[in-house]
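>>> I'd like to go over a predicted model; first the sequence, then the structure.
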Amino acid sequence: MQSRVLYAFRGWIAFVAFMDFGTAFRCYVEKRSFLSQNTEIDNIETDYTISRLVGMYCILKAIALVHCTLFIHHKPIVMIGRCSIVLTMILYSTEALYYRSTTINFYVLFPFSLNFITLVGLFYIPRRLRLWDPFNTKDDENNLLIKQMVTFKRRKIRKLS
């Protein structure tokens, strides 16, 4: 049961990373940023610069989340994932509420809600599954495989004799 929840959550984090790659792709394809309300032709280069910066940030966040998916049993990697999600939520909320450079629309609410759910999961699931307990961290995967192989060889030798 524990591994099912962990694999499902890893799939969720990978989905959020995929959404960030999609946002980055959209930032590079569209000339107008989804974070601005300006539709003037004079400001199209400024908007494209903002869009490229948001695209680069989304790529960096997606890479951090992919690493968080693969190495969720390492606490520092999960902390990097948490920090990148918090920064993204701050970006979307300040642009919509404080700077008012965008309206509160689907392009702001959907990523914000995805990131909020992921952040809650990153705080709850590793603790609930006890991924960082001392007994889990002292034996790494290689040592566990070696121990299993030794017991397998002993069983094989006993059956032969």
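Arrived safely.
>>> residues in contact with the residue most central in space within the chain?
Within the chain, one residue has its C-alpha closest to the average C-alpha position: by C-alpha atoms, centre = their mean, that is Leu65, at 2.8 Å. Remark: with contacts taken as C-beta atoms under 8 Å, 6 or more residues apart in numbering, Leu65 is in contact with 13-14, 16-17, 20, 81, 84-85, 118. For the C-beta atoms, the positions are set from N, CA and C on the backbone; glycine is no exception.
>>> Tell me which entries of these lie within helices.
By the criterion of DSSP state H, membership of the contacts of Leu65 in helices covers 13-14, 16-17, 20, 81, 84-85, 118.
>>> what sits up against the strand or helix carrying Met89?
Following DSSP states H and E, one finds Met89 within helix 75-93. If you take C-beta under 8 Å, 6+ apart as the criterion, helix 75-93 is touched by 13, 54, 57, 60-61, 64-65, 67-68, 71-72, 108, 111-112, 115-116, 118-119, 122-123, 126, 132.
>>> Out of those residues, list just those in strands.
Among the contacts of helix 75-93, none falls in strands (DSSP state E).
>>> From the residues you listed, which land in helices?
13, 54, 57, 60-61, 64-65, 67-68, 108, 111-112, 115-116, 118-119, 122-123, 126.
>>> Can I have the buried ones of those residues as a ChimeraX selection?
The ChimeraX command for the buried members of the ones in helices among the contacts of helix 75-93 (criterion: 16 or more other C-beta atoms under 10 Å) is given here:
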select :13,54,57,61,64,65,67,68,108,111,112,115,118,119,122,126
